[in-house]
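sequence and predicted model, in that order:
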Amino acid sequence: MFEKASDKAENYRSGAWSLLLIGGVGLVFLLLCVSGVININLPASSKIVSGIVMTLVFLIFLAVGVKSLDDARKYQERANTEDKLTGEIHDWFISEYPGDVIDRAVFWEGDDDRGIEADYFKRYQYIKQVIEEKYDDLAPDHKDKIIEDLYNEIYEA
């Protein structure tokens, strides 16, 4: 199943901000506990161990949040390239291969193997073949998504 890079970027970005928020709030809470503003009733040894463990946990949250922001930036760059390529393929295909051109290429007079499913698969295969001839380096799931979108735009509009 194809997942757009822009969706991945947004997922990483929202996760990053959540981790940063939790890590930051947690460290502030620990700082308030250590400074005595918030009093937690624990034995001294438990306070030290708990403080160290919780500090490490919240620092890990912050580190993972920063890493996720960096990953989101990388996915956003990939998304820009992906969107540009998808738009290029779409514009080229729609201008060169309207529905009647595709139908003339896949159906012939007296074709008795006509039906909704048969028509769909013949058209789909033709669209796939044309796109593969020009853009042979597309990822299979990205190519399938483009073909589905083109088919829906041409035949279900």
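Alright, I've got the coordinates. Numbering: from 1, shown residues only.

contacts and neighbour counts: CA atoms only from here.
Noted.

please save the CA atoms from stretch 27-42 in CSV.
Extracted in CSV, the C-alpha atoms of stretch 27-42 (Å, rounded to 0.1, in the frame of the first residue of the first chain):
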residue,chain,number,x,y,z
LEU,A,27,12.3,17.6,32.8
VAL,A,28,10.6,20.8,34.1
PHE,A,29,8.6,18.7,36.5
LEU,A,30,11.8,16.9,37.7
LEU,A,31,13.5,20.3,38.0
LEU,A,32,10.7,21.5,40.2
CYS,A,33,10.9,18.4,42.3
VAL,A,34,14.7,18.7,42.8
SER,A,35,14.4,22.4,43.6
GLY,A,36,11.8,21.6,46.3
VAL,A,37,8.9,23.5,44.7
ILE,A,38,7.0,20.3,44.4
ASN,A,39,7.5,18.0,47.3
ILE,A,40,7.3,14.2,46.7
ASN,A,41,7.2,12.1,49.8
LEU,A,42,9.8,9.4,49.0
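
what about it, distance to the chain center?
40 Å (Cα atoms, centre = their mean, to the nearest Å).

immediately after the worst-scoring helix or strand of the chain on mean pLDDT, which helix or strand?
When the helices and strands of the chain are scored by mean pLDDT, DSSP states H and E, helix 99-106 comes last with a mean of 88. Remark: after helix 99-106, the chain's next helix or strand is helix 116-134, criterion DSSP states H and E.

any low-confidence regions in the chain?
Applying pLDDT under 70 to the chain picks out residues 109-113, 157.

what angle sits between the least confident helix or strand of the chain and helix 116-134?
If you take axes from the mean of the first three to the mean of the last three Cα atoms, to 10 degrees, helix 99-106 sits at 90 degrees to helix 116-134.

buried ones in helix 99-106, by neighbour count?
Using 16 or more other Cα atoms under 10 Å as the test for burial, helix 99-106 gives Ile102.

and that helix, what does it pack onto?
Contacts defined by 3 or more Cα pairs under 8 Å, 6 or more residues apart in numbering; DSSP states H and E place helix 99-106 against helix 116-134.
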